[in-house]
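1. Okay, structure incoming, though there's no sequence with it:
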């Protein structure tokens, strides 16, 4: 008897760290988009058997921090025609739409490229609530992967007002209301307080955790600890995702350390920490150096903290950030075209082209600092692979990063092309550690799933989403990881040998925390006073989500 | 009489409302066919409200429109104004100078009188 | 592919004689996209549109059910299926199909239009190319410092309009967003703001200005570069400046002092820049000036976009192709080249050999050579009302009006997406319905299964 719905992946070498499976040969059965037990009835045969003998089987990859949808990503697409005409093109096929690449691919190209890389889930890291509807519309045109986004809150006027008036209950209700209204996944803090200062004065920014934000008289420290507290009380699966103050500035490591301390044991995720781990001072290139060691020590001894790296790769890309003052700073450093947009009551945005050069001491240090982070955090479950796509480089560089981590000769070869001074300013040259395949599976899928609270992703146990990537082993891990043999999403084969086989749309992952609805009228009163759109037209309803998947609160 | 002018087509309230009422309706048709001329130019050229003139564009394209006196100081002498639409667009050339946008404002035109108001030919 | 949002706010049929009130309806006539309109509907007719401006009232009160066939083929009434079939044939038989318009369609329909173009390897262009297309090109050169309209309302203490006449093109601009609102940091509203208007003629908007500066026609570029030089402290020859711009040097230097002294300056600019000699160079000068001003204070710029969802069209075409307008797919993947793939050019150069126009009227708004060529090729037209373009089309669809009969999403000129709340149903299909039906047929003809 053939059951038309079963797929069997036969005899693969499985890496499923969440279930303690490290390279054992195993069969996997799939039914209705989920991993299921092998049917007990011996006469049941699968509709399709995939012979994975000798192949490596892992859960689909999860990118927990990238910029792939919404207002600022789309502006960056419009802004950079010059990098698309040359290089790889993506013509339409009879199954898939065409797209454009460059550092900021179009929506279809984004979905197809993630899928072809074996990634099946990705989270956009910075959506202004007023642009949430836009992000959802793009998600519906971003095929093959499940998606979600983090909601910018670190410069929200209502948040700061609650903190100023010491009203934690209102703050908690607001965070809950905002996540529900936007169909977002997690609170995101970007340069908390600093963007508001940028909006109100020339070259404005905060300088540290205890700077006062004009008009609101609150500090970044209050914003971080207030939102972390509210998120914890709401039981959010991924409580707070933090882009610290002073990104990119020499000496900023102390701000990063203070930010982690401010969490006071609450769970918190520090994102693209590479950009926040610099010693030195006063913008002086001569003093710029790595401070990964003291920061990693703190992370190693504080299990409430998780990080992703924000690895820099050499080459041209586009910097895009919700950190308006950072965009201004970078535009002055590089002198290229610059986009900045301030969103009422909520957030800012900065975009500028950028080129990382291995001959630059600063850039090559940034590259080395990123790799130090992967190699100096002892617990791989708390460090996640990211390039902060496209800020440090494209997500398409992940296979190369994997090779850096698994092959110390290769990373030393690249290090040799950088200014020699780098060896005095970072410890990368001395680090012997090499990642195992299982550790790679942790930092690219199992770890982010756990950090995000996604119970059905990042593993291959019973009931998990059948999001699976099958690789052909190769000594060169870059080659192995850049061309998966097969990618399965929700139980359907979407990629074979890098070719798109099916263009399904994917789910939108979001949270619906309970909050005190009594407090909504206070939010509404504030909203109607200052917003330029109507209260009733603000929330995004479910019709904008192609397929909603609510991730439960704790 | 053959005078050189700069023509500025633009949006007006009547033109905008006329689009919603229907492009074949009187309001739209009247709006896009009325050429505003500065009072100084009117008197200099001996023109009166309702005179019919021919405008010729740089490639010899022509349109005929009726003139109306621009309000007070809305229009400096040497400039003509007409509501954006069918007539004004006939004076554009097919060339966009590599921009995709034909020159649709600040067009150099010549104006000549075709028919005085009230005179039946 | 299913795009659900158009279905959500589908209007309920009117009960004869009964009044129905729609709160927070959205006006899609101009780029202001006011979403606070209260509509009163009776017998499938809007009888009142509270808070709408003169243009909005004309929009709402004049869009009742059109008593015309939903489809004509070769000028004769036809069934929708006949129209869809013929449309798909036209679009798949051409070698250089163009699809143009889209600025008065919701995003959901725009997305289907871009899909069709991808399958037929055609060229997609929107009315942006004859509106702020040059500003889009300027943006690709220097970038843009901008903000949402609520930021203007809450912070803008110096409001400038350059080559833009919102009193006639965006009547609620002053009251709702830019001049009159009492904002968070401007408790006295208009009294706390300075308004400067720069134009070649004293428009109806000039009355609202504290300072009106009338420059010589076609000298926007020179005037803007004068200000750029002043912002950077570069010495200029006052006589030359006056000769070139038609305005005394002291007026410009006084203006620059005020611009530097304000807290949050805003320049709204219009087609006075983009349609005039210089085009993208004019817009680029303005965007660069705005950027320069951020060395002194906070300053932003924003094009005053015209049609209701022209900003949505820019966004949809960008997220799907990577480019904002004028996108050619003849090689199977998107390529961008304004001046070549833009519709004024594909028509006037007699390159397009078939096409589809959606919610636009090139037969009334394009140059004579472009119109002549369009009239000579087979094309499909979708519009809510009869226009010179629908009259010339091989296949013409009368479609329901977005925001009045159908739901969906519209992007305000500042890229803020706003949902539509339609008032009453139309017997005509929506442009989303028509385009989806054509897409199904196009895919079938071309063997596309995705």
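-> It's in. Nothing here was measured: the structure is a model prediction, and the numbers come from that model.

2. Residues contacting stretch A:483-495 from elsewhere in the structure, which ones?
-> Stretch A:483-495 is contacted by residues A:7, A:9, A:30-34, A:48, A:50, A:55, A:60, A:115-118, A:120, A:144-145, A:465-472, A:496-498, A:500-504, A:506-507 when judged by CB atoms under 8 Å, 6 or more residues apart in numbering or on different chains. Placement of C-beta: from N, CA and C, glycine included.

3. out of the residues you listed, which are inside helices?
-> Taking DSSP state H, the ones among the contacts of stretch A:483-495 that sit in helices are A:115-116.

4. How about chain B: which residue is closest to chain A?
-> Proximity of chain B to chain A (CB to the nearest CB) peaks at residue B:100, 13.3 Å away.

5. tell me the contacts of that residue?
-> If you count contacts by CB under 8 Å, 6+ apart, residue B:100 has them with C:125, C:129-130, C:133-134, C:325-326, C:338-339, C:342-345.

6. now with 7 Å?
-> Residues in contact with residue B:100 (CB atoms under 7 Å, 6 or more residues apart in numbering or on different chains) are C:129, C:133, C:326, C:338-339, C:342, C:344-345.

7. among the contacts of stretch A:483-495, which ones are buried?
-> Neighbour-count burial (16 or more other CB atoms under 10 Å in any protein chain shown) is assigned, among those, to A:7, A:9, A:30-31, A:33, A:50, A:55, A:60, A:115-118, A:120, A:144-145, A:465-471, A:496, A:500, A:502-504, A:506-507.

8. Now, those residues that are in strands?
-> Per DSSP state E, strands hold the following members of the buried ones among the contacts of stretch A:483-495: A:7, A:9, A:30-31, A:50, A:120, A:468-471, A:496, A:500.

9. Tell me the one among those nearest to chain C.
-> So of these, ranked by how close each gets to chain C (CB to the nearest CB), first place is residue A:500, at 8.4 Å.

10. From residue A:328, how far out is that closest one?
-> 40 Å (CB to CB, to the nearest Å).

11. what about the helices in the stretch 101-250 of chain C?
-> Secondary structure of the stretch 101-250 of chain C, counting by DSSP state H, counting those that start in this stretch: helices at C:107-120, C:133-142, C:149-155, C:166-169, C:220-231, C:238-245, C:249-261.

12. near chain B, anything from the fourth one?
-> Meaning helix C:166-169. Yes. Applying CB under 7 Å from any CB of the partner chain, one finds that helix C:166-169 is in contact with chain B at C:168-169.

13. gap between that helix and the chain center?
-> 14 Å (CA atoms, centre = their mean, to the nearest Å).

14. Mean confidence (pLDDT) on that helix, please.
-> Taken as a whole, helix C:166-169 carries a mean pLDDT of 96.

15. who touches that helix?
-> Taking CB under 7 Å, 6+ apart as the rule, helix C:166-169 contacts B:11-13, C:30, C:173-174, C:203-205, C:208, C:304, C:306.

16. Now render the ones in strands among the buried ones among the contacts of stretch A:483-495 as JSON lines, adding pLDDT and distance to residue C:219.
-> Output for those, formatted as JSON lines (pLDDT from 0 to 100; distance: CB to CB, whole Å):
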{"residue": "A:7", "pLDDT": "96", "distance to residue C:219": "69"}
{"residue": "A:9", "pLDDT": "98", "distance to residue C:219": "70"}
{"residue": "A:30", "pLDDT": "97", "distance to residue C:219": "69"}
{"residue": "A:31", "pLDDT": "96", "distance to residue C:219": "72"}
{"residue": "A:50", "pLDDT": "97", "distance to residue C:219": "70"}
{"residue": "A:120", "pLDDT": "98", "distance to residue C:219": "57"}
{"residue": "A:468", "pLDDT": "98", "distance to residue C:219": "65"}
{"residue": "A:469", "pLDDT": "98", "distance to residue C:219": "61"}
{"residue": "A:470", "pLDDT": "98", "distance to residue C:219": "65"}
{"residue": "A:471", "pLDDT": "98", "distance to residue C:219": "63"}
{"residue": "A:496", "pLDDT": "97", "distance to residue C:219": "61"}
{"residue": "A:500", "pLDDT": "96", "distance to residue C:219": "53"}
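
17. Next, count neighbours for the residue nearest to residue C:399 when sequence neighbours are not counted.
-> Nearest in space to residue C:399, with sequence neighbours left out and distances taken as CB to CB, 6 or more residues apart in numbering or on different chains, is residue C:431 at 4.6 Å. Neighbour count of residue C:431, defined by other CB atoms under 10 Å in any protein chain shown: 31.

18. need the contact list for residue 115.
-> I went with chain A, as the question did not name one. If you count contacts by CB under 7 Å, 6+ apart, then residue A:115 has A:144-145, A:487, A:489, A:494-495, A:500 around it.

19. ah, I was thinking of chain C
-> By CB under 7 Å, 6+ apart, the contact list for residue C:115 reads residue C:439.

20. shaky segments in chain B?
-> Applying pLDDT under 70 to chain B picks out residues B:1, B:120-121.

21. For residue 106, which residues are in contact?
-> Defaulting to chain A. Residues near residue A:106 by CB under 7 Å, 6+ apart: A:77, A:99-100, C:319-322.

22. think we crossed wires, I meant chain B
-> B:6, B:8, C:217-218, C:276-277.

23. Quick check, residue A:138 in contact with residue C:318.
-> No. Using CB atoms under 7 Å, residue A:138 is not in contact with residue C:318, being 9.9 Å away.

24. phi, psi of the residue of the stretch 1-150 of chain A found nearest chain B?
-> In the stretch 1-150 of chain A, the residue that lies nearest chain B is residue A:81 (13.3 Å; CB to the nearest CB). Taking degrees, to the nearest 10, you get phi -70, psi -30 for the backbone angles of residue A:81.

25. my guess is it meets residue C:336, correct?
-> Yes. In this structure, residue A:81 is within contact of residue C:336 by CB under 7 Å, at 5.1 Å.

26. Looking at those two, which is more packed in?
-> Set residue A:81 next to residue C:336 and count neighbours by other CB under 10 Å: residue C:336 wins out with 23 against 20.

27. Which residue is the nearest non-sequential neighbour of the more buried one?
-> Nearest to residue C:336 is residue C:323, by CB to CB, 6+ apart, at 3.7 Å.

28. which parts of the stretch 401-550 of chain A sit against chain C?
-> Applying CB under 7 Å from any CB, we find that the stretch 401-550 of chain A lies next to chain C at A:503, A:530-534, A:536-537, A:541, A:543-544.

29. Based on its surroundings, how many neighbours for residue 386?
-> Unless you meant another one, I'm taking chain A. 29.

30. you looked at the wrong chain, it should be chain C
-> Residues contacting residue C:386 under the criterion other CB under 10 Å number 16.

31. Assign it to helix, strand or coil.
-> Assigned with DSSP: H, G, I helix; E, B strand; the rest coil, residue C:386 falls in the coil class.

32. mind listing what it touches?
-> Here residue C:386 is in contact with B:24, C:68 (criterion: CB under 7 Å, 6+ apart).

33. from the contacts of residue B:106, which two are the most distant?
-> For the contacts of residue B:106, the farthest-apart pair by CB to CB is B:8 and C:277; their separation is 12.0 Å.

34. Compare these two (neighbour count), which wins?
-> Taking other CB under 10 Å, residue B:8 and residue C:277 do not tie; residue B:8 has more neighbours (27 against 17).

35. My guess is that one contacts residue B:79. True?
-> Yes. Using CB under 7 Å, residue B:8 is in contact with residue B:79, at 6.0 Å.
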